[in-house]
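[1] next come a sequence and a model predicted from it.
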Amino acid sequence: MQGLPEYKHRQTGIIFDKVPGGTFMMGSPEDEVGRKPDDGPQHEITLSSFLIGKYEISQEQWESVMDSNPSLFKGRDLPVENICWDDIQKFREETQLVLPTEAQWEYACRAGSTSSYTFGKTISNKDANLKNESK
């Protein structure tokens, strides 16, 4: 999210982008390839501006709050992983941070696009590291 105002959480150093509010169509159209029944119906959503984390929470940031690191792949700057919902709730309580709503998450991920992906209607191995589901 280049060019958006950034904010740094004092306790953890987590950087947030301020996403401007707006209106978008949440969900996927009925004719979208790979659509699941709970991906719709599409409906218009209007959001006020909100903050969302610019990066994954690093192991260093997690440890500074939780005094532990459950990650299997260790590295101060690597994202924390191998955490459960209860741990996330404890982290949120300690930091007074909130998770984005489903609507905020989809709005941020869409980045103003109306297609399935921000880069178009389909995804391939050129766009992401995909597991071949046909095997």
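    Noted; the coordinates are in hand.
[2] what residues does stretch 49-60 touch?
    For stretch 49-60, the surrounding residues in contact (C-beta atoms under 8 Å, 6 or more residues apart in numbering) are 1, 6-7, 12, 14-21, 69, 71, 74-80, 91, 100, 104-105, 108. (C-beta placed from N, C-alpha, C; glycine too.)
[3] can you do 6 Å?
    14-21, 69, 71, 76-80, 100, 104, 108 (C-beta atoms under 6 Å, 6 or more residues apart in numbering).
[4] how does this structure divide up, domain by domain?
    Segmentation of the chain into domains, based on automatic domain parsing, reads 1-55+102-135, 58-99.
[5] need those domains in CSV with mean pLDDT, can you?
    Shown next, in CSV, are the domains of the chain (pLDDT from 0 to 100):
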stretch, mean pLDDT
domain 1-55+102-135, 85
domain 58-99, 96
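[6] got the ones you listed as a markdown table, with mean neighbour count columns?
    Formatted as a markdown table, these follow (neighbours: other C-beta atoms under 10 Å):
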| stretch | mean neighbour count |
| --- | --- |
| domain 1-55+102-135 | 12 |
| domain 58-99 | 14 |
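[7] which residue lies nearest the spatial centre of this protein?
    residue 105 (5.6 Å; C-alpha atoms, centre = their mean).
[8] which SS class is that residue?
    helix (DSSP: H, G, I helix; E, B strand; the rest coil).
[9] chain neighbours aside, what residue packs nearest to it?
    Spatially, and ignoring its direct neighbours in sequence, residue 105 is nearest to residue 52 (7.8 Å; C-beta to C-beta, 6 or more residues apart in numbering).
[10] strands of this protein, start to end?
    6-8, 15-19, 22-26, 43-47, 50-53 (DSSP state E).
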